[in-house]
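Chemist: Any chance you can model this:
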Amino acid sequence: MRVALLQLNSRDDKSANIATITRLFEEKIAGRDVDLVAAPEYSTFLGGLKQEQWAAAETFPDGEGYRALQGLAKTYGVAVHTGSMIERDGNKHYNTSVVFGPDGTELARYRKIHLFDVETPGGHVFRESDVIDRGGEVVDFTYDGHKFGCSICYDMRFSELYLQHMRKGCDVIMVPAAFNMETGKDHWEALLRARAIETQSWVIAAGQIGFHREAAGERACYGNSMVIDPWGNIVARASARPGVTLADVDFDYARHVRTILPSNNHHVLA
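Modeler: From the prediction side, this is the model:
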């Protein structure tokens, strides 16, 4: 399966972000035999003040971002993991991944469970829960005969979620992100490789890169979008700029790893 990672510098302008994504499909994905396109967290709108983020939220299946990315899946005949978008459901707002099949059918919808409420080593305070409500359902989906587990960014620090995906038989874990620069340089690669090794699954992690506007000023995202194999090796990594990175996912290799080191069958603690 050929995967295309979209590494974006999304800002607080939804129309401009959608135009960028559309251009990347036209210039970098068309004609490349891609099966799955993976976008980063907050792909259609990132940053801005709380009220601006709420104003950019969409009800699904209506909404500019939903319809645009669904249309790209149909136009190019590829599955599209939207990374995540801001979803409005009544008075609540969620950080939500939507996955479309090549015909535009919605395959999955996952609302981020673990929200980023932290103070970084540099003293910057982030409270995603001021804007976003917490999801509560572990979600996976099947595409081309293989099972994919959903997660978003800060989720990656909580191994219990990924062990649930492992127990469900997932072959791939999706980790769209807008990972902070300060923690990214030390933790991004280490955590992603750990999630691949402990689940013996492929990990597909598309990230935001560069600056975006927030209430306290500009915040930088780490980028380094990557695909990691079930042995924990990085098979593709994006350069330090927005763009598209291609990688081939070999499901036979996952079966090989699980055969020579069957640790998935050796769990003792629940």
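
Chemist: what about stretch 2-18, how long is it end to end?
Modeler: 23 Å (Cα to Cα, to the nearest Å).

Chemist: for the record, mean pLDDT for it?
Modeler: The average pLDDT within stretch 2-18 is 98.

Chemist: what secondary structure does V257 sit in?
Modeler: With DSSP: H, G, I helix; E, B strand; the rest coil as the basis, V257 sits in helix.

Chemist: Count the residues that sit near it.
Modeler: 20 (other Cβ atoms under 10 Å). To be clear about C-beta, it is placed using only N, CA and C from the backbone, and glycine gets the same treatment.

Chemist: Name all residues that make contact with it.
Modeler: Q200, D229, P230, W231 (Cβ atoms under 8 Å, 6 or more residues apart in numbering).

Chemist: give the contact list for the first one.
Modeler: Just to be clear, that refers to Q200. Q200 neighbours (Cβ under 8 Å, 6+ apart): M166, P230, A254, V257, R258, L261, S263, N264.

Chemist: Could you do the third one as well?
Modeler: Shown in contact with P230 (Cβ under 8 Å, 6+ apart): A196, I197, T199, Q200, S201, W202, Y253, A254, V257, R258.

Chemist: so which of these would you say is closest to K28?
Modeler: Checking these against K28 with Cβ to Cβ, the nearest one is W202 at 21.3 Å.

Chemist: which residue packs closest to that closest one, ignoring adjacent ones?
Modeler: V172 (4.6 Å; Cβ to Cβ, 6 or more residues apart in numbering).

Chemist: separation between that neighbour and G83?
Modeler: Distance of V172 to G83, computed by Cβ to Cβ, to the nearest Å: 15 Å.

Chemist: higher neighbour count, these two?
Modeler: Remark: of V172 and G83, G83 carries more neighbours, 33 against 27, as counted by other Cβ under 10 Å.

Chemist: what are the ranges of the helices in the stretch 51-200 of the chain?
Modeler: 64-76, 159-167, 181-183, 189-199 (DSSP state H, counting those that start in this stretch).

Chemist: and L163, how many residues sit next to it?
Modeler: 17.

Chemist: What are the boundaries of the strands in the stretch 101-250 of the chain?
Modeler: Taking DSSP state E, counting those that start in this stretch as the test, the strands found in the stretch 101-250 of the chain are 106-111, 117-119, 125-127, 140-143, 146-150, 172-174, 202-205, 209-214, 217-222, 226-228, 234-237, 243-248.

Chemist: Relative to L72, which of those strands is closest?
Modeler: Here strand 243-248 is closest among those (Cβ to Cβ), at 13.0 Å.

Chemist: Sweet, I'm off.
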